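Visitor: give me a model of this one.
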Amino acid sequence: MSKSKPLPLETELSSFMSMMRDELENNKTFELPLTIGQYRLEQLVGRGGMGDVYRAENLVLKRTEALKFVRTKLILEPSALERFQTEIESTAKLLHPNVVTVFNAGEFEGRPYMVMEFLQGETVHQYVYRRLKQDSPLSLQEAVDIIIQAAQGLQYAHENGFVHRDVKPGNLWITPKKTVKVLDLGLAVAASQETDVQIVGTPDFMPPEQCVGNREKQELCASADPRSDIYSLGCTLFFILTGRVPFDGEEYSTSKKKLEAQQCLALPELSQFRKDVPDRIQRVLNRMTAKSIDDRYSSMTEVIQALTKQTVKKTPVIAAFAGVVLLGIAGLWGTNAYNASKTAIVQTLSTNPEAETIIQDVIAPFPPGKEAGEKLVRVVDGVEYVFRWIPPGTFVMGGYRTPLSKEMSTPQLLGIAQKYSLLGIDELEELETSLENSESLEQQTLLHDKLYSELSSNPFLINGSIPHPVTLTKGFWALDCEVTQKMWFSVMPDSTANSAIKNLNEPENAPVRMVSWTDAQEFCQALSEKLSADVRLPTDAQWEYACRAGAEETPELLNAQANSYGKNRGTITVHSLSPNAWGLYDTLGNVEEWVADWYEPITDPSPQTDPTGPAVSKPGKRSVSSQVKVLRGGCWLSDCSCSERNYHDVNDRYNHAGFRVCVMPDNENNTK
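Guide: So this is what the prediction gives:
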């Protein structure tokens, strides 16, 4: 027997109980408006088990953001705030169009909070119920599209070491443009470490392995891995298609009963609630919600492939306009996360580089490339983006301002120390005297090694990182030039940076500058939606690997490719100088390029694999800010080097700072 709709008295009682629960937890709301640092809280817009969400104005950036305060009951030990801060800083590195972006974190009156993008729209839970009230339940295609987008965001989180542990319709957000965002990644992970009795997840969507605690006390363990999120996403698919949770009704009226059902019972068949769901979708759902974790799909990528395969629709498309030829056309419903209505997906594109006008937009997948430097063209809003394939590989990252190696003789090393005044007069004289008086080869070797050790760790000689082997296991597509003003204004017509950019009075094919790291990140998010792709800033290591293009740094390379100090009085238009071996222009000079990593000097020569930088920035004494990101490549005002690194505050705009973007292929199976 189903429950009746809440009566006004029941609603009033629920509100009263929520207020009393807040009182017991000391989880007070704030009197508004309230200014906290650079944020002015304006309205309480949401409340949940994890925290309270306020709409706020960022007084520095002049934009609306969201502040989410953690509930007091989750802060139960002295180190909780520190661990929460660390988790949020790590989560802030998750930059994906299907994951809500975290900008900042802090603490106010003992309550930690995080700063997120402010989203228009509603939760998927609210969206499903609103459609049901309108007698317009979601179609199969709409439901699957929501799940695919959520799976894309969760797959990216899993690849970066995060398991959500509380996937449910209330933690998925859908915008008016039907983009789905995964919410509460940072809070779910942080909360899972805060107590000895870890209550993580929601019984209606909880996988069996998270329900194995003491049922009498309803203590829930958090022994979850990415396949646990797959189970919860399956329960979410069930809810979207049926408008009800898997285990509903009087027989499952308590959390304890729901948890027992999640452990022991299969989900009801979809056919009990709607007849338009084919058996193949039921089979996908059955595997997603298998009770044994080993019987489920092994990754969200497999879930996406399974759902996409089940909803294939072929639609021929022919387009040939002004030198743009679209070939190999195949429609594939569901692979385009942001343009679900576009069933025709272009597999191959060939363009005439001499064409003056691009008429036909091309929104198509980004498959892995085959050869280094392979060309891929996409067109958005009539603007052409040329990408080059950067394959997986290993290289030596970092370097010195002058050649330095342990094989150099002691006099050569002394010459470097004297040239750059790296040692005091007394130290140099002492070394020279010691060398003259050394009576054995062993003594001379010890002095040589000591001098080399001092020079090789000297901050002045290091171009931001000591040489160290780096392996990148995944290839990616890199924009062949720095983002131009034409690209910028097409994607970011309302940016607060636009006034300063226009005041430069530069041509549309000049690199955009006067943009902060935060501006660049917003561009990536907006272009991701337009391209239906995973657009990012490259990591520090990806940038240098692409810049070197498989070659050692040489004077000839620098002279041919760099608009650097002494060549020009400002930036030049992109594509003006020679590209590197992989077809990338202006990786050296013109403007410094923002990358994804927080900054700290790299002093460890140990090999690294797919590095993403530190969890927090550590700029040293030169910067008054603690929020600084890496800039690479030098600019027209400086000398240039493949290994030179700079840094600035994430919100600062400089006339020498721009960026380029990269795109991760849709099929992540491109590892070494």
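
Visitor: now residue 251. Nearest residue, chain neighbours left out?
Guide: Using C-beta to C-beta, 6 or more residues apart in numbering and skipping residues adjacent in sequence, the residue nearest residue 251 is residue 257, 6.9 Å away. Every residue, glycine included, has its C-beta placed from N, CA and C.

Visitor: the one you found touches residue 248, doesn't it?
Guide: No: using C-beta atoms under 8 Å, residue 257 makes no contact with residue 248, being 11.0 Å away.

Visitor: can you map out the strands along the stretch 1-150 of the chain?
Guide: Listed in chain order, the strands of the stretch 1-150 of the chain (DSSP state E, counting those that start in this stretch) span 34-36, 39-47, 51-58, 63-70, 102-108, 111-117, 122-123.

Visitor: and what of the stretch 551-672 of the chain?
Guide: Secondary structure of the stretch 551-672 of the chain by DSSP E, counting those that start in this stretch: the strands cover 592-598, 608-609, 628-632, 645-649, 657-658, 662-664.

Visitor: number of nearby residues for residue 284?
Guide: Each residue near residue 284 was counted by other C-beta atoms under 10 Å, and the total is 21.

Visitor: just give the nearest non-adjacent residue to it, would you?
Guide: Here the residue nearest residue 284, using C-beta to C-beta, 6+ apart, is residue 306, at 4.9 Å.

Visitor: show me what contacts the one you found?
Guide: Residue 306 makes contact with 284, 287, 297, according to C-beta atoms under 8 Å, 6 or more residues apart in numbering.

Visitor: so which strand or helix has it?
Guide: Assigned by DSSP states H and E, residue 306 belongs to helix 300-309.

Visitor: ok, residue 610 - contacts?
Guide: For residue 610, the contacting residues are 471-474, 541, by C-beta under 8 Å, 6+ apart.

Visitor: returning to what we had before: quick one: the residue nearest to residue 284 from residue 294, how far?
Guide: Using C-beta to C-beta, to the nearest Å, we find residue 306 at a distance of 17 Å from residue 294.

Visitor: any low-confidence regions in the stretch 151-300 of the chain?
Guide: Within the stretch 151-300 of the chain, the stretches with pLDDT under 70 are 186-201, 212-224.

Visitor: and stretch 582-600, average pLDDT?
Guide: Stretch 582-600 shows a mean pLDDT of 93.

Visitor: go ahead and produce CSV holding the CA coordinates of that stretch.
Guide: Backbone C-alpha positions of stretch 582-600 (Å, rounded to 0.1, in the frame of the first residue of the first chain) are rendered in CSV as follows:
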residue,chain,number,x,y,z
TRP,A,582,54.0,17.8,-33.3
GLY,A,583,52.4,20.9,-35.0
LEU,A,584,52.0,23.1,-31.9
TYR,A,585,52.6,26.9,-32.3
ASP,A,586,53.8,29.4,-29.6
THR,A,587,54.5,26.9,-26.9
LEU,A,588,57.5,29.1,-26.2
GLY,A,589,57.0,32.9,-26.0
ASN,A,590,54.2,35.1,-27.0
VAL,A,591,52.1,34.7,-23.8
GLU,A,592,52.8,32.6,-20.7
GLU,A,593,50.2,29.8,-20.5
TRP,A,594,48.2,28.8,-17.5
VAL,A,595,48.2,25.1,-16.6
ALA,A,596,46.1,23.0,-14.2
ASP,A,597,48.7,22.5,-11.4
TRP,A,598,49.1,24.3,-8.2
TYR,A,599,52.7,25.6,-7.9
GLU,A,600,55.6,24.4,-5.9
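
Visitor: where does residue 394 fall, helix, sheet strand or coil?
Guide: Under DSSP: H, G, I helix; E, B strand; the rest coil, residue 394 falls in the strand class.

Visitor: excluding chain neighbours, what is closest to it?
Guide: Nearest residue to residue 394, sequence neighbours excluded (C-beta to C-beta, 6+ apart): residue 471, at 4.5 Å.

Visitor: so the one you found sits in a strand?
Guide: Yes: counting by three-state DSSP, residue 471 is found in a strand.

Visitor: tally of neighbours for it?
Guide: Residue 471 has 16 nearby residues by other C-beta under 10 Å.

Visitor: can you give the domain ranges for the chain?
Guide: If you go by automatic domain parsing, the domain ranges for the chain are 24-117, 121-309, 400-456, 466-664.

Visitor: quick one: end-to-end distance for the third one.
Guide: Across its full length, domain 400-456 reaches 8 Å end to end, with C-alpha to C-alpha, to the nearest Å as the criterion.

Visitor: residue 206 is nearest to which of the strands of the stretch 551-672 of the chain?
Guide: When the strands of the stretch 551-672 of the chain are compared by C-beta to C-beta, strand 662-664 sits nearest residue 206, at 30.6 Å.

Visitor: looking at the strands of the stretch 551-672 of the chain, which is closest to residue 91?
Guide: When the strands of the stretch 551-672 of the chain are compared (using C-beta to C-beta), the closest one is strand 592-598, at 13.2 Å.

Visitor: against residue 475, how distant is residue 582?
Guide: Relative to residue 475, residue 582 is positioned 11 Å away (C-beta to C-beta).

Visitor: top of the contacts of residue 610 by neighbour count?
Guide: Among the contacts of residue 610, the one with the most neighbours (other C-beta under 10 Å) is residue 541, at 26 neighbours.

Visitor: now that residue: how far from residue 611?
Guide: From residue 541 to residue 611 the distance is 5 Å (C-beta to C-beta).

Visitor: now the common contact residues for those two.
Guide: Residues within reach of residue 541 and of residue 611 at once, by C-beta under 8 Å, 6+ apart, are residue 470.

Visitor: any idea how far stretch 572-584 is from the middle of the chain?
Guide: The gap between where stretch 572-584 is centred and where its chain is centred comes out at 27 Å by C-alpha atoms, centre = their mean, to the nearest Å.
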